[in-house]
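Trainee: Got a sequence here, can you model it:
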Amino acid sequence: MDQAPLTAFAENPLVGREIHKMNGAGNAILVLDLRGAGFLPRAEDARALARAPGLAYDQLMVLGDPSEPGETAFMTIFNQDGSLSASCGNGTRCVAHYLAERTGATQLRLATSAGRLEVVREGALSYTVDMGPPRLGWQDIPLARDVDTTAVELGHFGLPPASCVSMGNPHAIFFVEEIEAFNLAVIGPRLEHDPMFPQRANISLAQPLTADHIRLKVWERGTGLTLACGTAACATGVAAARAGLSGRRTKISLPGGDLLIHWREADDHVEMTGPVEVEFSQKLDAAIFAGKNG
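Mentor: Numbering: from 1, shown residues only. The predicted structure is shown next:
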């Protein structure tokens with residue numbers, strides 16, 4: 001290998017740092033602990049990590065120093081394309097496991113730009129995240145104009161009106177009789193960038209199976225098709241309850257596994273319970289950031 005081009009990239013402060021590959025119900029997650037480091041990855045660093053062999057991810061969870069007393073860490077969340085997300089439920093469970101294994105904690109308080117998340121360890125590899133209240137107003141999701149957020153007409157691909165919810169990031173959920181009747185890989189990018197969504201949107205096809213069980217497939221904003229998306233599962237549970245398709249407790253079955261959603265009536269918060277899996281850890285090398293991996 002020609003070493004000369006790597007010289008500049010060896011100065012990237014991420015080189016030599018340990019990164020942890022995990023998944024939450026199949027949602028591919030990287031955890032990068034930069035507490036005390038005094039810097040964050042750049043968008044181009046996030047894109048380089050997504051291209052590196054074995055490190056392809058849905059979300060990159062970067063841990064920074066807590067900003068408030070009582071918090072364990074502040075999470076900055078990157079999508080594959082280098083864009084930022086304010087929330088990732090499956091990633092939050094992975095971060096909680098990373099921290100719990102090192103501290104012995106069974107309850108953690110994690111912060112994001114969307115607010116503070118409380119996490120409880122339920123078992124060796126199971127966690128419940130309090131995702132906070134859903135945002136249901138058109139300006140809070142946000143949408144481009146004032147419409148009924150339970151029935152947003154987009155007029156594309158023979159789909160019914162969407163139910164739109166924010167769980168710190170915008171979601172559009174389409175309730176259909178059969179999710180495989182639509183090619184989400186084709187329609188997802190078009191819907192993500194629809195003018196109705198000024199910050200783009202996560203696109204979900206939801207198939208109610210029973211009053212407490214929904215099948216879900218998700219196109220994630222900035223990432224693409226994914227095996228699981230925790231905030232989409234939360235948004236779908238809320239949307240289904242609003243539409244009278246389910247109660248406030250729902251099992252959401254995604255290609256990567258099941259998540260249990262509880263939209264609490266007492267305080268309007270959404271709880272998500274699901275699994276964590278640890279895959280491997282490795283140190284980052286300069287070739288990743290030199291673009292040697294395509």
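
Trainee: low pLDDT regions in the stretch 151-294 of the chain?
Mentor: Across the stretch 151-294 of the chain, the ranges flagged by pLDDT under 70 are 291-294.

Trainee: Tell me which stretches of it form strands.
Mentor: 163-166, 170-175, 202-210, 213-220, 224-226, 249-254, 257-263, 270-275, 277-283 (DSSP state E, counting those that start in this stretch).

Trainee: Show me what residue 250 bridges to in the sheet.
Mentor: residue 261 (DSSP bridges).

Trainee: That one touches residue 210, doesn't it?
Mentor: No. Using CB atoms under 8 Å, residue 250 is not in contact with residue 210; the gap is 9.6 Å. Where C-beta positions appear, they are placed from N, C-alpha and C, glycine not excepted.

Trainee: Need the overlap of contacts for those two.
Mentor: Common neighbours of residue 250 and residue 210, using CB atoms under 8 Å, 6 or more residues apart in numbering, do not exist here.

Trainee: In terms of neighbours, single out the busier of the two.
Mentor: residue 250 (25 against 10; other CB atoms under 10 Å).

Trainee: mind checking how far the residue nearest to residue 239 when sequence neighbours are not counted is from residue 70?
Mentor: Residue nearest to residue 239 in three dimensions, not counting chain neighbours: residue 163, with 3.8 Å by CB to CB, 6 or more residues apart in numbering. Look at residue 163 and residue 70: by CB to CB, to the nearest Å, they are 35 Å apart.

Trainee: Count the residues that sit near residue 204.
Mentor: Counted with other CB under 10 Å, residue 204 comes out at 32.

Trainee: Show me what it is bridged to.
Mentor: residue 173, residue 218.

Trainee: Quick check: the residue nearest to residue 239 touching residue 153?
Mentor: No. Between residue 163 and residue 153 there is no contact, the gap being 11.7 Å when judged by CB under 8 Å.

Trainee: Which one's more surrounded, these two?
Mentor: residue 163 (26 against 12).

Trainee: is it true that residue 61 lies in a helix?
Mentor: No. Per DSSP: H, G, I helix; E, B strand; the rest coil, residue 61 lies outside any helix segment and is strand.

Trainee: looking at the sheet around it, what are its partners?
Mentor: Residues in beta-bridge contact with residue 61 (DSSP bridges): residue 31, residue 77.

Trainee: check contacts around it.
Mentor: Residue 61 touches 29, 30, 31, 32, 75, 76, 77, 88, 91, 92, 94, 95, counting by CB under 8 Å, 6+ apart.

Trainee: Kindly reformat those residues as JSON lines containing distance to residue 263 and neighbour count.
Mentor: Converted to JSON lines, the contacts of residue 61 look like this (distance: CB to CB, whole Å; neighbours: other CB atoms under 10 Å):
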{"residue": "29", "distance to residue 263": "24", "neighbour count": "27"}
{"residue": "30", "distance to residue 263": "29", "neighbour count": "24"}
{"residue": "31", "distance to residue 263": "28", "neighbour count": "24"}
{"residue": "32", "distance to residue 263": "31", "neighbour count": "24"}
{"residue": "75", "distance to residue 263": "23", "neighbour count": "25"}
{"residue": "76", "distance to residue 263": "27", "neighbour count": "20"}
{"residue": "77", "distance to residue 263": "22", "neighbour count": "24"}
{"residue": "88", "distance to residue 263": "19", "neighbour count": "32"}
{"residue": "91", "distance to residue 263": "21", "neighbour count": "30"}
{"residue": "92", "distance to residue 263": "17", "neighbour count": "28"}
{"residue": "94", "distance to residue 263": "23", "neighbour count": "27"}
{"residue": "95", "distance to residue 263": "23", "neighbour count": "31"}
